[in-house]
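Peer 1: curious how this folds, go ahead:
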Amino acid sequence: MPGTSRRGRATVEHLPPHHDASPTAPLYPIGGNADDEAGQCLRGTHTTTASLVAHDTEIADREAGEGEAGHGRRVIQLPPADLADLIAEVREQWRRRQAWHRAEKSLTLQAKALCRRLAEGGDKKEADKIYGAAIGKGSHPMGEVALAAMFPLTEARDGVERHRRAVEKRLVALAKGLPVAPWVEATRGVGLLSLAAIVGEAGDLGSYGNPAKLWKRMGLAVMPDGGRQRRVGGVEALDHGYSPARRSVMWNLGACIVKAGGPLKVIYDARKVYEAERVETKAHAHNRAQRYVEKRFLRDLWSQWRKGEGGHLMDGTQMAGAALTH
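Peer 2: Numbering: from 1, shown residues only. Model (predicted):
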């Protein structure tokens, strides 16, 4: 039963175990919808909503190191119960999606490795032609042989892909219930699946004390020495707290923003001109400008999330004006 610990902090009752093996079965109730099987969680899962949110908040504080000095331990403001449950399910479904996506890539690589064994001298270009012929793209004398060798792998991959797409549809449906969904849908180049990905990786955005902490979580921070956050070894790895998976989410989102146009693309273009005078190549200018836009989007997303929690969201016209003026 819910109660209070010795330190006066609220505790949360564990939810009952879930016995549905459906690939899109919810982890937590999300508002009473008949399709959501309210009150159920995954088999053997005993992590509570409060502990998930508290864990993410503590990680954000530890990684960013930008809290107010001299104020002691920060009090964690938990979101409303229904929002916390929604966030927890988004996180679980996103982790499931990522695991299956990795499985797809692994099966593809194994299939291509078989084709390389069939190629003369193990030539990679020859192996790619064999693989293409096996999946119906092009022709090669060894195509049918490769298809027979690859079939168990490609059959398994097709099954995983089917379930992965089902989870992605569920993530989009879940993201529509998040407080910033209207703002995200009004932003060109960004979709609800991207929003689900960010929440899946970062958790409750309102638990981050400022945008810099969210940047740190998503791999976009500037380190104390002035360098960018990146993958490093040794003791420095703890300070950087870099995750290639989280950085990949933001890089893909930034690429979509640049291709889609709109207010953020205007900001990208202006930043690219500015960066071109500071770096040696156009590629460097592009990368730095895209990174700038990714950070700008995260900053605005964090701000909109906070406004949503306070009961106020900007409409699409206001959003576009804010993107141009900030």
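Peer 1: ok, the residue nearest to residue 274 when sequence neighbours are not counted - how many residues close by?
Peer 2: Ranked by CB to CB, 6 or more residues apart in numbering and with sequence neighbours excluded, the top spatial neighbour of residue 274 is residue 289, at 7.9 Å. (Glycine included, C-beta is placed from N, CA and C.) For residue 289, the number of neighbouring residues by other CB atoms under 10 Å comes to 22.
Peer 1: cool, residue 231 as well?
Peer 2: Look at residue 231: counted by other CB under 10 Å, it has 11 neighbours.
Peer 1: ok, back up a step: from residue 132, how far off is the residue nearest to residue 274?
Peer 2: Relative to residue 132, residue 289 is positioned 35 Å away (criterion: CB to CB, to the nearest Å).
Peer 1: helices and strands around the helix or strand where the residue nearest to residue 274 lies, which ones?
Peer 2: Using DSSP states H and E, residue 289 sits in helix 282-309. Helices and strands touching helix 282-309, by 3 or more CB pairs under 8 Å, 6 or more residues apart in numbering; DSSP states H and E, are helix 181-185, helix 192-202, helix 211-217, helix 244-260, helix 263-276, helix 316-325.
Peer 1: can you redo these as a markdown table with distance to residue 103?
Peer 2: As requested, these are arranged in a markdown table below (distance: least, CB to CB, whole Å):
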| stretch | distance to residue 103 |
| --- | --- |
| helix 181-185 | 28 |
| helix 192-202 | 17 |
| helix 211-217 | 25 |
| helix 244-260 | 14 |
| helix 263-276 | 33 |
| helix 316-325 | 37 |
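Peer 1: tell me the confidence at residue 41?
Peer 2: Per-residue pLDDT puts residue 41 at 31.
Peer 1: show me the contacts for the nearest residue to residue 303 once chain neighbours are set aside.
Peer 2: Ranked by CB to CB, 6+ apart and with sequence neighbours excluded, the top spatial neighbour of residue 303 is residue 211, at 7.6 Å. Taking CB atoms under 8 Å, 6 or more residues apart in numbering as the criterion, residue 211 is in contact with 295, 298, 299, 302, 303.
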